[in-house]
Each structure stands twice: as C-alpha cells, then as structure tokens.
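**Student:** Pasting a predicted model and its sequence here:
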Amino acid sequence: MSKNSLPPRKKIKNVFEAILEYGHDEDFVPTESDEFTSTDAPAGSEAKIEALRERVLSGMPLWHEEDRQDYSGLTGAVRPRE
C-alpha cells in the first residue's frame, strides 16, 4: 500500500451495517445549494442511484421536488419471446 492510498473499506451490505460501522448523525440537516438540482433519471436507474449517492455525499437533501415522478416519454428494449 502506498503512502497516499487508503486501506480497503469493508463491504457494507445494508444501512444497518453502515450504522454499526460508521455510526449515524441524528442531528444531520441537509443543505441546499446551487448544486442541488433535479434529475430526469427514472427511479431505479443507474443514473438516479448515482444522483442520490452524489446528493448524500454532498450533504444535500436526498429528494428534489422536481425529480422525475414517472416513466412517461421513456422507451425501453423489448425482448422477443422465445
């Protein structure tokens, strides 16, 4: 391990393990800034998960009132039945 690298993190499987490992801040109050913008990513998508992850890491609220609420206007791959 080099001088500037961090030791590997323990794989956390759920929120309860994260609380046990790192604790949690009951007094946490998220802050909104110019970076707190809505996302058009649909629920469950990699893009939405990444947006939520970035919000949490930045200390912002998890949900934005203008985030996508439905799947309208989206198209997806259709796999033919065998």
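**Tutor:** Alright, I've got the coordinates. Numbers count the residues shown, from 1 in each chain.

**Student:** report the longest helix in this structure, please.
**Tutor:** Taking DSSP state H as the criterion, the chain has its longest helix at helix 46-57.

**Student:** what comes up buried for it?
**Tutor:** Buried residues in helix 46-57, counted by 16 or more other CB atoms under 10 Å: K48, A51, L52, R55. Where C-beta positions appear, they are placed from N, C-alpha and C, glycine not excepted.

**Student:** and which of those residues is nearest to E21?
**Tutor:** L52 (20.0 Å; CB to CB).

**Student:** Determine the number of other residues adjacent to P61.
**Tutor:** By other CB atoms under 10 Å, 13 other residues sit near P61.

**Student:** quick one: the helix or strand of the chain with the lowest mean pLDDT to chain centroid distance?
**Tutor:** Using mean pLDDT, DSSP states H and E, the weakest-scoring helix or strand in the chain turns out to be helix 15-22, at a mean of 82. Relative to its parent chain, helix 15-22 has a centroid offset of 16 Å by CA atoms, centre = their mean, to the nearest Å.

**Student:** cool, and stretch 70-82?
**Tutor:** What separates the centre of stretch 70-82 from the centre of its chain is 24 Å, taken as CA atoms, centre = their mean.

**Student:** what's that stretch in contact with?
**Tutor:** For stretch 70-82, contacts defined as CB atoms under 8 Å, 6 or more residues apart in numbering pick out P42.

**Student:** end to end, how far does that stretch reach?
**Tutor:** Stretch 70-82 has an end-to-end distance of 30 Å (criterion: CA to CA, to the nearest Å).

**Student:** mean confidence for it?
**Tutor:** If you average the pLDDT over stretch 70-82, you get 80.

**Student:** Next: stretch 42-55.
**Tutor:** For stretch 42-55, mean pLDDT is 93.

**Student:** from the chain's centre, how far out does it sit?
**Tutor:** Centroid separation between stretch 42-55 and its chain, computed with CA atoms, centre = their mean, is 5 Å.

**Student:** Also stretch 61-69?
**Tutor:** Stretch 61-69 sits 12 Å away from the centroid of its parent chain (CA atoms, centre = their mean).
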